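# this is the structure alone, sequence omitted:
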């Protein structure tokens, strides 16, 4: 099965900008992978932030955006807030089913 | 308000079976794909499989193929995960999640139900 790779951890200062990426073992992540992004706070269920590359839900804060960048899916946070400290997961479709990345622990410090 | 409530988790011995349920409310279940996702303690998310509106679909994860079955009953607004021949490595929190149009897999999630496999 496809292996999806994310940065294990990233650190960002409050008010800063950070980009998380999501790579596939099968090659470049394209629009056909329909990448999504999820946020999970400790002890809580995941929450969807971005779907199908760059689409936001009604509850997604404006500072979150999705894109394709250099053969990967990317999640950018512009103007990071302390409450953004969480685990972030990408999810991609590999033609057979959906596969999660290993997650990125984002620390706001 | 969209609500997904999982139930049926608990402690089971290796080789045993459990049937998890996901009760949906606040929307028409037959309009949506429904998926099961699990998370082992301290680990990441694993997408297990889904059932489409028409009932087709399967468990995708290699480690559970042939042991786990996803089903749904739109009339009862419920989705199920039948888990057979359980192993210690199946211990996890199990979530059901709703898919939305536009490839929004996992747009809404339940709070999860804990499954522990141990003798």
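The structure has been received and is ready for your questions. Because the structure is a prediction, the values reported are computed rather than measured.
# what parts of chain A come near chain B?
A:1, A:34, A:36, A:38, A:40, A:45-48, A:51-52, A:55, A:57, A:87, A:89, A:91, A:93, A:96-103 (C-beta under 8 Å from any C-beta of the partner chain). Bear in mind the C-beta positions are built from the backbone N, C-alpha and C, glycine included.
# ok, how many other residues are close to residue 28?
Going with chain A. 12 (other C-beta atoms under 10 Å in any protein chain shown).
# hmm, I had chain B in mind actually
10.
# which of the residues of chain A next to chain B count as buried?
Among the residues of chain A next to chain B, those scoring as buried are A:34, A:36, A:38, A:40, A:45-48, A:51-52, A:87, A:89, A:91, A:93, A:97-103 (criterion: 16 or more other C-beta atoms under 10 Å in any protein chain shown).
# just these: which are in helices?
Among these, none falls in helices (DSSP state H).
# got a list of what the residue of chain B found nearest chain A touches?
Residue of chain B nearest chain A, by C-beta to the nearest C-beta: residue B:60 (3.4 Å). Applying C-beta atoms under 8 Å, 6 or more residues apart in numbering or on different chains to residue B:60 gives the contacts A:96-98, B:47-50.
# go with 10 Å
Residue B:60 is in contact with A:1, A:94, A:96-99, B:35-36, B:46-50, B:70, counting by C-beta atoms under 10 Å, 6 or more residues apart in numbering or on different chains.
# can you give me the neighbour number for the residue nearest to residue A:88 when sequence neighbours are not counted?
Of all residues beyond its chain neighbours, the one nearest residue A:88 is residue A:104 (4.8 Å), with distances taken as C-beta to C-beta, 6 or more residues apart in numbering or on different chains. Residues within reach of residue A:104, counting by other C-beta under 10 Å, total 21.
# next one: residue B:85
Neighbour tally, residue B:85, other C-beta under 10 Å: 13.
# these two touch, right, it and residue B:68?
Yes. Using C-beta atoms under 10 Å, residue B:85 is in contact with residue B:68, at 9.2 Å.
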